[in-house]
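J.: Got a sequence here, can you model it:
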Amino acid sequence: MDSEQLTAEEFEAHIANGTFRLAFVGMSNAGKSYRSKALQNELKFFWFQVDEQIQKALGFADMDAISTWLGYPTSEGYEEREAKYLELENAATRKASMEMHGKNLVFDTTGSVAHLEPSTLVLLKDNCLVVHLDVGEESLHEVMDRFFRKPKPVAWSGYLTREVGESDEESIRRCYPKLLTDRLATYRKLAHMSIPAQLVRDTSAQETLDLIKSKLHR
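T.: Residues are numbered from 1 along each chain as shown. Model (predicted):
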């Protein structure tokens with residue numbers, strides 16, 4: 001599937017033939033998993049969850065356990081755990097980008113897809129229609145507040161810096177907005193299209209596909 005030149009007609013043909021490959025990218029809580037689950041339940045898509053693959057590889061029961069294991073970037077040993085996390089995510093993303101399951105695929109990426117190897121992102125974009133569920137700059141403060149209320153695994157990839165006299169929390173709060181802003185820019189660059197997350201928040205699976213199709217060439 002040449003996603004860069006995909007037309008609405010080709011989109012429909014892929015759906016009908018069970019060869020469509022869709023990848024959602026975006027911030028945590030943008031709706032990637034919610035939309036993916038709807039496509040699985042309502043239209044029988046194969047739902048590939050990168051979070052689940054990492055969870056299994058690490059032997060953890062849930063994502064809360066991974067969050068506790070990974071910790072904050074100020075925690076001792078964080079960089080080694082982060083490298084392992086990204087190694088597993090990179091491998092799972094490459095695998096999912098190439099596998100065929102005999103049915104339409106929805107690929108539920110993590111927020112840290114922005115930090116994967118460039119060759120992996122090329123593979124993802126070449127093999128899937130990449131759709132960014134865009135929360136917009138105005139929502140980044142909500143993403144930050146949510147992180148401190150209920151942390152999820154976050155790869156910082158060197159974004160944390162220290163200034164003299166800062167506490168760990170002060171450093172994290174100062175640097176996190178830059179991490180989010182750069183991630184948002186990366187998602188937009190990676191995706192074939194960006195759709196405001198709120199437009200699909202309460203849609204059915206078919207309505208989500210119809211919205212995506214409306215943005216393709218005819």
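J.: Find the nearest non-adjacent residue to Gly136, please.
T.: Distances taken as CB to CB, 6 or more residues apart in numbering put Pro196 closest to Gly136, at 6.8 Å, once the chain neighbours are dropped. Where you see a C-beta, it was placed from the backbone N, CA and C, and this is true even at glycine.
J.: And for the one you found, the neighbour number?
T.: As a burial measure, Pro196 scores 13 neighbours (other CB atoms under 10 Å).
J.: and it, what pLDDT?
T.: Looking at Pro196, its pLDDT is 95.
J.: List the contacts of it.
T.: Counting by CB atoms under 8 Å, 6 or more residues apart in numbering, Pro196 touches 133-134, 136.
J.: Now with 10 Å, please.
T.: By CB atoms under 10 Å, 6 or more residues apart in numbering, Pro196 lies in contact with 30, 132-136.
J.: for it, which residues make a bridge with it?
T.: Pro196 forms beta bridges with Asp134, as assigned by DSSP bridges.
J.: Distance of it relative to Pro73?
T.: In this view, Pro196 and Pro73 are 30 Å apart by CB to CB, to the nearest Å.
J.: Could you do Gly59 as well?
T.: Distance from Gly59 to Pro73, counting by CB to CB: 23 Å.
J.: higher neighbour count, those two?
T.: More crowded of Gly59 and Pro73, by other CB under 10 Å: Pro73, with 21 against 8.
J.: what's Ala61 in contact with, if anything?
T.: Taking CB under 10 Å, 6+ apart as the test, what Ala61 contacts is Gln55.
J.: Arg146 is in contact with Lys152, isn't it?
T.: Yes. Contact criterion CB atoms under 10 Å: Arg146 and Lys152 qualify, at 8.5 Å.
J.: what touches both of the two?
T.: Shared contacts of Arg146 and Lys152, defined by CB under 10 Å, 6+ apart, comprise 28-29.
J.: Tell me which of the two has more neighbours.
T.: Here Arg146 and Lys152 are compared on neighbour count by other CB under 10 Å; more neighbours surround Lys152, at 17 against 14.
J.: hey, C-alpha coordinates of the lowest-mean-pLDDT helix or strand in the chain in PDB?
T.: Ranked by mean pLDDT, DSSP states H and E, the helix or strand of the chain with the weakest confidence is helix 140-149, at a mean of 84. Extracted in PDB, the C-alpha atoms of helix 140-149 (Å, rounded to 0.1, in the frame of the first residue of the first chain):
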ATOM      1  CA  LEU A 140      -0.700  20.300  26.200                       C
ATOM      2  CA  HIS A 141      -1.100  21.700  29.800                       C
ATOM      3  CA  GLU A 142      -3.800  19.000  30.300                       C
ATOM      4  CA  VAL A 143      -1.400  16.300  29.100                       C
ATOM      5  CA  MET A 144       1.200  17.600  31.600                       C
ATOM      6  CA  ASP A 145      -1.200  17.700  34.500                       C
ATOM      7  CA  ARG A 146      -2.400  14.200  33.700                       C
ATOM      8  CA  PHE A 147       1.200  12.900  33.800                       C
ATOM      9  CA  PHE A 148       1.700  14.200  37.300                       C
ATOM     10  CA  ARG A 149      -1.600  12.900  38.500                       C
END
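J.: which of the residues in the helix or strand where Phe11 lies are buried?
T.: Using DSSP states H and E, Phe11 falls within helix 8-17. Neighbour-count burial for helix 8-17 flags 10-11, 14-15 (criterion: 16 or more other CB atoms under 10 Å).
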